[in-house]
Structures are given as C-alpha cells and as structure tokens.
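# For reference, the sequence and a predicted model appear below.
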Amino acid sequence: MSHGRKLLAAREDLANKVSEIAKRRGWTLYELVNRILDEVVRLESMGKSLEDVVEGFELLREAREAGLILIPSRLWYELVERCYESLDRRWLEDLWYECGQWYGRYYESLEKLIEALKKFFWDLSSIDLSPSEGGVEVKLFLSSPSLARIELLSKFVEGAFESLGYELISKKGVRGALSMRFRGKGLKVE
C-alpha cells in the first residue's frame, strides 16, 4: 500500500532540533516525524496526550530520585498493618518520623513537600494546607480507614515539617483523617 506525503509546517528552531535528533539516531527526518506522529495518534486513541506521558515520566523519575519504589498496594498495606500490630510500635513510628525528616530536607520547602505528598501518596484522597495562628494546618484524608496508616503518616508529616522549621502544636487523627497544626519557627507561610 502506498502512502502519500503531506507537508507539515513547524517552527524553524523546532524543525532543526528534530532534524538533529534524527541524525543522532541514524534516521531520516521523515522516519522520525512519522514515528512521533504514530505515537501521538496512539496516545490519542487511549485518551491520553503527549503532555500526560511526559508528566508521567517526570513523576517516575522524581520518585526514583527521591528513593521511592513501586510495590503492589495490597502487599504494602498488609505489611504496614501487621507490623504496626505486632512489632515495636515506637520503633516503627520513629522510622516513619526519620523518613519524614529526610524527605522534608530533600524537598527543601513546604510547597514542594506538599506537592510530593500529593503525587506519591496515592492513598491520600486529599491534602489541604492553610495558614493557622502563626503557622500552618495540614489536613490529610486517606482513602481507607486505617488507624495504623494515619498514625504512621502523622509521624512522617511531623518529621518532614519539623525538618523544615515547624513545630507540632496539635494533632487529631481518626480513622481515615488527620489534622495537624504546626507553628512556624520564623518561617513565612506562603
């Protein structure tokens, strides 16, 4: 079957960059443009866009760089529940607190940390952050009513916020929901 050709217009700077990519890969510009268009059509048929793919790639790259791994959720949740019930609870809470401290330092700002929590803690159905009496209040809602996960998540958040210069004032947790208030130690809440 013969395929006709159609002229596509592009900005000169982009056309030059795509041409360079084709040369590096040992392809013709025609081959590369057709591969790109094939993938765009395939994504569209799946209800996705090129932007979705790039965003997903960046998410996975950031997760890997932050030291996260992907494991089946059932495996993770059952391990957390059993460990919380059978191991030294204080040890487990200290571990989550310590990891929270590391992630607070890694993300370096409250805004970046909250964005990371939204991206990587998939069982959080919502995270709300608001100024509160000289500090901030964070409200987290889990998609499951696990008391163990709420308690451990609160230790993680406490460690992360404290590493960013906030001090825990109060904490209220019930199955599936957590509210924590922190006082800023000379930090501006944006």
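Everything's here; your move. Numbering: from 1, shown residues only.
# Longest helix in this protein, please.
Criterion DSSP state H: the longest helix present in the chain is helix 89-107.
# Only the C-alpha atoms, please, for that helix, written as PDB.
Backbone C-alpha positions of helix 89-107 (Å, rounded to 0.1, in the frame of the first residue of the first chain) are rendered in PDB as follows:
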ATOM      1  CA  ARG A  89       5.200   0.400  67.600                       C
ATOM      2  CA  ARG A  90       7.600   3.000  68.900                       C
ATOM      3  CA  TRP A  91      10.400   1.700  66.500                       C
ATOM      4  CA  LEU A  92       8.000   1.900  63.600                       C
ATOM      5  CA  GLU A  93       6.800   5.400  64.400                       C
ATOM      6  CA  ASP A  94      10.400   6.600  64.900                       C
ATOM      7  CA  LEU A  95      11.300   5.100  61.500                       C
ATOM      8  CA  TRP A  96       8.500   7.000  59.800                       C
ATOM      9  CA  TYR A  97       9.400  10.200  61.600                       C
ATOM     10  CA  GLU A  98      13.000   9.800  60.500                       C
ATOM     11  CA  CYS A  99      12.000   9.200  56.900                       C
ATOM     12  CA  GLY A 100       9.700  12.200  57.100                       C
ATOM     13  CA  GLN A 101      12.700  14.300  58.200                       C
ATOM     14  CA  TRP A 102      14.800  13.100  55.300                       C
ATOM     15  CA  TYR A 103      12.000  14.000  52.800                       C
ATOM     16  CA  GLY A 104      11.500  17.400  54.300                       C
ATOM     17  CA  ARG A 105      15.200  18.200  53.800                       C
ATOM     18  CA  TYR A 106      15.100  16.600  50.400                       C
ATOM     19  CA  TYR A 107      12.200  18.800  49.100                       C
END
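# got a list of contacts for that helix?
66, 83-84, 113, 116, 151-153, 155-164 (CB atoms under 8 Å, 6 or more residues apart in numbering). Where you see a C-beta, it was placed from the backbone N, CA and C, and this is true even at glycine.
# per the record, what domains does the protein have?
12-48, 89-184 (automatic domain parsing).
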